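Participant: take a look and give me a structure for this.
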Amino acid sequence: MHFPVLIHLGPLTVPPHQVLEALGCFLAFRLYLTLRRRGGDPLPAERRLVLLAAATVGAALGSKLLALAWNPAPVLAHPDLRVLMAGKTIVGGLLGGLLAVELAKKWVGETTPTGDLYVFPLIVGVGVGRVGCFLTGLADDTYGVATRLPWGIDFGDGIARHPTQLYEIAFLAALAGVLAWRARRPYPRGDLFKAFMAAYLAWRFAVDFIKPAHVTLLGMTPIQLACLGGLIWYAPHLPRLLGFARRSASPSPSSPSPEPSAGRA
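Facilitator: This next block holds a predicted model:
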């Protein structure tokens, strides 16, 4: 396999990242609509739209700002809008969206946890997008450091590297299986989203140690520091979430969560 793996659509040759990122967004949105129709959204339409708008804006800003902090060199070398818009990171999108939704909830006076509906759409969207990251190769900047393991992949520079994109796809598939199994039994509303966020942030904090680092502070990249901040945000819930897979007599997803507001989304 030679990287990047380009996608041919008739006379057009398209970079894989854009195609698979769009496909991931489309599939995630279709899954969201399906789950919402099944009664997974407790909010009235007007509040749902406010929170969706907040999540979209917060995710876009968080994704760009954290990407800029993680690797400012391209923007500093070519300070134009095209280069600025090219960079984004999933961790920044998740945390930016979370913060924006929490602020929007305070503004509209909403206290109902709403994040559970987005867990599986997010997993699908991120997983499909990571396929695009993998096929893009070195240009996407999501590969791992050099490795001598037999599954190391040469993305085009003659160095066998950790295919961290594939690691993440495997992690998300396993996480989806665990959460889908757990979601079949009662749980406090909001805990599915909290479990997803805590697991994904912990995963990214760990796996980014085997990714190239452009900027570090205390031996960690800005993305890892953001993950650590997110885990601290969820720290009050971690003891309960660590036992999330155990059967309990907690309220069902259709019941309002009695948990405190921190990390409510």
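
Participant: okay, now the unreliable bits of the protein?
Facilitator: 40, 80-86, 244-265 (pLDDT under 70).

Participant: nearest residue to the middle of it?
Facilitator: Ile90 (4.6 Å; C-alpha atoms, centre = their mean).

Participant: mind listing what that residue touches?
Facilitator: Applying C-beta atoms under 8 Å, 6 or more residues apart in numbering, we find Ile90 in contact with 63, 126, 129, 204. For glycine as for every other residue, the C-beta is placed from the backbone atoms N, C-alpha and C.

Participant: do that again at 7 Å, thanks
Facilitator: Val126 (C-beta atoms under 7 Å, 6 or more residues apart in numbering).

Participant: same deal with Leu241?
Facilitator: 191, 194-195, 198.

Participant: ranges for the strands of this structure?
Facilitator: Here the chain has its strands, by DSSP state E, at 7-9, 12-14, 153-154, 160-161.

Participant: any idea which of these is most buried?
Facilitator: strand 160-161 (a mean of 18; mean count of other C-beta atoms under 10 Å).

Participant: Glu110 and Gly93: what is the separation?
Facilitator: 21 Å (C-beta to C-beta, to the nearest Å).

Participant: can you give me the neighbour number for the residue lying closest to Gly115 once chain neighbours are set aside?
Facilitator: Leaving out its chain neighbours, the residue that sits closest to Gly115 by C-beta to C-beta, 6 or more residues apart in numbering is Phe193, at 2.9 Å. Neighbour count of Phe193, defined by other C-beta atoms under 10 Å: 22.

Participant: returning to that earlier point: between the contacts of Leu241, which is nearest Val75?
Facilitator: Of all the contacts of Leu241, Ala198 has the smallest distance to Val75: 31.0 Å, by C-beta to C-beta.
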